[in-house]
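[1] Quick one: sequence plus predicted model below, questions after.
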Amino acid sequence: MLILRTLQWGPRHGHGIGQAIRAQSDDLLRVETGSLYPALHRLVRRGWLKAEWGISEANQRAKYYRLTAAGKAQLARESDWWSQLVHTIGLIMNPEPNKE
Amino acid sequence: MKPDMNELDEEIRGHMALSIKERIERGEDPEAARRAALREFGYVPAVRDSMRRVWYSRCYDEAEALARDLRFALRFLVRAKGLTGAVVVTLALGIGANAAIFSVVRSVLLSPLVNRDADRLIYIRQTALGIGTENLTFSVPEIDDFKSRVKTIAAFGDFSTVDFTLIGFGMDPRIVKAGVVNGSFFGVMGLRPALGRLLNASDDGPGAAGVAVLTHRFWTTALQSDPAVIGKKIRLGPGVATVVGVLEPSVPYPEETQIIANVVTSPHHLGATMVTDRRHRMTELFGRLATGASLEAARAELQDVHASIMREHPEAYSARAQVQLRVTTLRDQLASPARTILLLLLAAAAVVFVIACSNVANLILARSVRREAELAVRAVLGAGRGALRRTLLAESLVLCAAGAMLGLMLASPLTTVVARYAARFSVRALEATVDAGVLWLGAGLAVVAAVLLAYVPRLPAPDRAGGLRLAGGSARMTAGTNRRLRIFATIQIACSFVLLAGAGMLVATLTALQTANTGYDMRQVLAIDVPPSATGVGGAAALDFFQEATRRIGELPGVQGVAAGMVVPWRDPSSGMKLQFAFEGYQPADGEENPTCRFRLVSSRFFEVLGVPVIAGREFTDEDRNGSELVAIVSQSVAQRLFPNSDAVNRRLWWNSLGNGQPRRIVGVVADVDDEDVVQKPSMTVYHPVRQMGYATRLFVRATGDPYALAPSVTRVIREISADKAVERPTTLEDVRAQVLTPERLNAFVFSAFGGIALLIAVVGVAGVLAFSVSARTREFGVRMALGSTPSQLLTRVLKEGAVIVTVGITAGAVFGYVLARVASTYLGTTRMPGMLPAVGAAAVLIAAGVIASLLPAARASRVDVLQALRSE
C-alpha cells in the first residue's frame, strides 16, 4: 500500500520509492532494500504496477514503476481498508468520552 | 514479460549507483559510500533470488539445482572411470536385453497385421486330438458344405500347398513351394498387390488359364525385385502359368511359399480324389466375418454346421479321432505358438535386469559409504535431505542415461538375433525392429533404475553429532549398509541360479538329443532330394531314371554305395504315411485294431547304405522288381510285438486291415530306426521294394571320404541323365539332425547367454561386496592380526563370508525357481522342471564362481600390514 501510495503522483524507480517512503515517514519507516525489490516484482506480477526502463538521475538505465488502473483501484481499496482499520483501532484505544 | 536474470542484476546495479551517488552528494567519500550502500542493500544474491522467486516457481529452482547437480555428477563420474564403466555396462546389458526381447514380443504379440481389418479375418482349423493331429486340415467336400451353409462368414479363402518344379525366369530348375488358392483367398485375407494384380473369381475353376502371384520375399530375393516379371510365362510342374502380380509383404501363413497360384495349375487339385473324397484333407481354411457378425457368433454357427456334417458323414470322422473345429482370429493363431517362449524370454530378460540393477545398486551403495563423510559435511552445512537425495538422483540419472543409451545401441543387433530365433515359432518375429516405442521402454527402465538407485544409500542424519567426526576418517561399514550389500549380492546369486539352472536344463536336453544313437550311420551318408521332374510323375520312366542314376553314381570314385528312398529322415514330413496292416498268424485281441505301421518305399541296398543292421533274413535286391514275388521287410518292433515267440521271416502281410488282396512275404527284419523324430522311439515300420511299386524321390549316397565333395559330381550325373531334374539340398544325415535341432540349440544358446551374463554380473557383484567389506575393515583385520590371527585364518574368514552369500543365494534361488516354475506351469501348461543334474551343475558353477570372486579380496585381507592398518585411522 505504501509503495502504491508513493507512486500515486507518477512513476519512480526502486531507489526513489525507498527514499520517498523514508522521507515521507520522517525517517521513521525504512523499507529494507532486500524486501523492497521482491515486493515491487510481486506487485508487477499482480498487475498493479507496470515496469519500464528509463534513465535515472545517475545517468544509468533504471526501472521505473508506474501505477496501473488496477493498481489505482487496489490503492483505493487498501486506503479505505486502512482508514477503517485506523478508525476502528482508534475507537478502541481512545474511547469517545461521551459514550461513558 | 518475465524479467530474466540480467534484468534483475541491472536493476540492482541501478539501485546501487543511485544509492552511492546520493551518499556522495551528502558528502561521504566514494569508497565509504559504496560500502554503506552494499551494507544497506543486504546480501545481493539472496535479494536477487527472492526477486526471481516472485516470477519463477519452486519447480524452477529445483530443476535448476538438479541441472547443477547433473553437471557436477557428470564431472564426478568422468573421474570415477572404473565405477562408471562397470555400472554403465551392467545397465546396458540389462536394458539392451530387455529392449530386444520387447521388440520381438511386441511385433509378435501386439502389433497389427498388414491384412485389412485383421480382426475380422478368422482362421478355421479341424483338429483330431484322438489321433494326435493338431491340424487335420479340410477336404474340398467339407469346404463346399461350409460355403453353402454358413451365413456369418462373408467369404471363405482356401489354401493348400504343392511342390512344383519351376522352370523359368532364366534360372536352373528348382523346387518351389506353391500355395494353391481359390479366387476369393486374397479378398478374404485382405491383402493388396505390390505389383500387377492378385487372383480373383475369374481365375477359379478348371477352365481358367494358369496364373501365379509371386510372394514379396521370393520376388525380392530370387528375382532381385525385377518389375519385368509381370506377364512372363513359367512352367510349373506339368503345366504353364502366367505371372500376374507380386503380393505385398505380409505374414506367410500357414506356410511360407514362393508363389501362389490358382487351382488349375495343379492337376492334383482337379482330380477326382481331391474334389470328391471327403477324407482327402490338405486344405487350410480362412474366412472373413460377415457384416454385423461377431467372432463368437461365427464360431457357434461353424461348430453347429460342423457337427451336422459329422452326423451326415460318419464314415469320414472316426470316433477315436475326436474331430473338433477350432475358430480363432488369424492374429491369435499367429501369436499363440510363440507366446510361451517369448514370455519365458521376457521373464529371463527381466531377471537379468533385476540382477543388473541390484549389482549397480551395490556399486552405488559401496561408493556412497565412502562418500558418507562428504554427505555428512554437506548435511551439517545445511543441505536438506532433499538436496542430498537430489545429488544422488543426479548421479544415478547420469549413469542410467548412459547405460540406457549404450543398451539401446546393443538392442538393435540383439533384436536381429532374437527375431531370427523367434521366427522359428512365429513368422511375425521377422518384422521386429527397434523403434521409438523401444526407446521409450529403455528410457523408462533407466528412470526406474535411477530412482531406485538414488534411494538405496542411507543418508547421514543431519542432527547426529558423529557426522563431522566421520568426515575426517576413512570409510566405515555400518551394520545396515553391510546387510544391504549382502542382500543385493544374494539376490544376484539367486537370480543367476534360476537362469543357470534353466540354461543347464536346455543344454542337457540338447546334448541328449545330439548324442543319442539314431541307428543310422550319420556321417558318411549324403541325402539328396531328387523330386519328380517337370515331365511327369512316377511310372516306369521314373524307376528307370533311378536305376540308371544309382548305377552311374555308384561308379563315381569315392562312392561306396547308392540307394533310393522316399523320406530323408527328420527332414521330410512323413506323418501321413501310415497304413493298417494285417499279418498272417497274428490275431488282434478283441476290441483291438490291426496294427498301424509306417509305410516306406526303399530301393535295394538301402539298409546297407544307411548303416541300418539287418537282424534276420535279407535285404532287398535288384531282383525284387515288378513281376517277381511280392516281398516286404519289417522293423524289429513289428517282429517283436506281433511274433514275440516265433520268427517273423516268411510270414505274409497285407496292407489293409481286412487281410485280403495281394499278400507280401516278409523276407527280412531290420533294426528300428525312427525317421520322424530325432528322439528315437520304437517304430513299427514296413518297408516295400521301390521297384515293385511307386517311385523314389530321395537319393542316399554313402561316401568313403568327405560326402559333400561328392555333391557336384552327383548333380552332374543326374543332369546328364535328365536335364530338367531338380537336385536339391545334399546334406549328411548328421547335418539334417543339426538343422532339425536348431530351435533347441537356439533355446539353449539364448538362455546360456542370459545365464552367462547373469553369472558375470553376479561374480562382479560378490567380488565387489567382499572387496569393499575388506577395505572398510582394514583396521579390524589389523587388530585381529595383532591379536595373533594368521593370514590364512583371515583368508578363510573372508572366503567363508563369500560362501555364505553364495549358499544363501542358491537356496533362495532354488526356492524362487521352484515357485516360478509352479506358477509358470499353471499359466503356460507345459513346463519341464529342471532335473537334478542341471540344478546341481548350476550350483557348482556358482559356488566355484563365488569362491573365485572372494579370492582376490580375501588375499588382500590376509596381506594387511598390522602397523599400517592400526595407524590408518
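    Now that the structure is in, tell me what you want to look at.

[2] where along chain A do the helices fall?
    For chain A, applying DSSP state H gives helices covering A:2-6, A:14-24, A:33-46, A:69-93.

[3] so which of the ones you listed gets nearest B:Glu728?
    Closest to B:Glu728 of these is helix A:33-46 (CB to CB; 82.4 Å). Using the backbone N, CA and C atoms, a C-beta is placed for each residue, glycine as well.

[4] What strand or helix carries B:His688?
    Using DSSP states H and E, B:His688 maps to strand B:685-689.

[5] just B:Leu579 next, same as before
    Taking DSSP H and E as the criterion, B:Leu579 maps to strand B:578-580.

[6] so what's B:Ala709 closest to, chain neighbours aside?
    Spatial nearest neighbour of B:Ala709, excluding adjacent residues (CB to CB, 6 or more residues apart in numbering or on different chains): B:Gly558 at 7.0 Å.

[7] Give me the number of neighbouring residues for that neighbour.
    14 (other CB atoms under 10 Å in any protein chain shown).

[8] Can you check the pLDDT for it?
    Looking at B:Gly558, its pLDDT is 82.

[9] quick one: it from B:Pro707, how far?
    9 Å (CB to CB, to the nearest Å).

[10] Quick one: classify B:Ile124 as helix, strand or coil.
    Using DSSP: H, G, I helix; E, B strand; the rest coil, the structure places B:Ile124 in strand.

[11] residues touching it, list them.
    B:Ile124 makes contact with B:138, B:146, B:285-287, B:302, B:325-327 under the criterion CB atoms under 8 Å, 6 or more residues apart in numbering or on different chains.

[12] again, only using 10 Å
    Neighbouring residues of B:Ile124 by CB atoms under 10 Å, 6 or more residues apart in numbering or on different chains: B:138, B:143, B:146, B:150, B:153, B:156, B:158, B:284-287, B:298-299, B:302, B:306, B:325-328, B:333.

[13] mean pLDDT for the helices of chain A: which is lowest?
    Looking at the helices of chain A, the bottom one is helix A:2-6 with a mean of 71.

[14] Could you give the number of residues near B:His268?
    Neighbours around B:His268, by other CB under 10 Å: 15.

[15] That one contacts B:Val180, doesn't it?
    Yes: using CB atoms under 10 Å, B:His268 is in contact with B:Val180, at 8.7 Å.

[16] Overlap in contacts, the two.
    Taking CB under 10 Å, 6+ apart as the contact rule, B:His268 and B:Val180 both touch B:160, B:162, B:274, B:282.

[17] Show me which residues of chain A are close to chain B?
    A:13-16, A:18-19, A:30, A:32-46, A:51, A:53-63 (CB under 10 Å from any CB of the partner chain).

[18] how many other residues sit next to residue 27?
    I went with chain A, as the question did not name one. Using other CB under 10 Å, A:Asp27 has 8 neighbouring residues.

[19] ah, I was thinking of chain B
    Other residues within reach of B:Gly27 by the criterion other CB under 10 Å amount to 7.

[20] Likewise for B:Gly231?
    Neighbours of B:Gly231 (other CB under 10 Å): 9.

[21] and if you look at B:Phe772?
    The burial count for B:Phe772: 23, using other CB under 10 Å.

[22] Return the distance of the residue lying closest to B:Pro238 once chain neighbours are set aside relative to chain A.
    Excluding the flanking residues, the one nearest B:Pro238 by CB to CB, 6+ apart is B:Pro267, at 6.1 Å. As judged by CB to the nearest CB, to the nearest Å, B:Pro267 and chain A stand 89 Å apart.

[23] Roughly how far does B:Pro267 sit from B:Leu129?
    Applying CB to CB to B:Pro267 and B:Leu129 gives a distance of 33 Å.

[24] how about the residue in the stretch 151-300 of chain B that chain A sits nearest to, secondary structure?
    Nearest residue of the stretch 151-300 of chain B to chain A: B:Pro249, at 59.3 Å (CB to the nearest CB). Three-state call for B:Pro249 (three-state DSSP): coil.

[25] and it, backbone torsions?
    phi -60, psi 130 (degrees, to the nearest 10).

[26] what's the burial count for it?
    For B:Pro249, using other CB under 10 Å, the count is 16.

[27] cool, and B:Met189?
    25.

[28] Was I right to think it contacts B:Pro254?
    No: if you go by CB under 10 Å, B:Met189 and B:Pro254 don't touch, sitting 11.7 Å apart.

[29] What is the longest helix of chain B by residue count?
    If you go by DSSP H, chain B has its longest helix at helix B:330-370.

[30] Work out the gap between that helix and the centre of the chain.
    15 Å (CA atoms, centre = their mean, to the nearest Å).

[31] domains in chain B, as residue ranges please.
    As given by automatic domain parsing, the domain ranges for chain B are B:5-56, B:118-335, B:482-519+B:733-873, B:536-723.

[32] List the buried residues in stretch B:701-710.
    For stretch B:701-710, a neighbour-count test (16 or more other CB atoms under 10 Å in any protein chain shown) marks B:701-703, B:707, B:710 as buried.

[33] What's the end-to-end length of that stretch?
    End-to-end distance of stretch B:701-710 (CA to CA, to the nearest Å): 9 Å.

[34] Next, work out how far apart the closest residue to chain A within the stretch 601-750 of chain B and B:Thr265 are.
    Nearest residue of the stretch 601-750 of chain B to chain A, counting by CB to the nearest CB: B:Val750, 60.6 Å away. Plainly put, B:Val750 is 41 Å away from B:Thr265 if you go by CB to CB.
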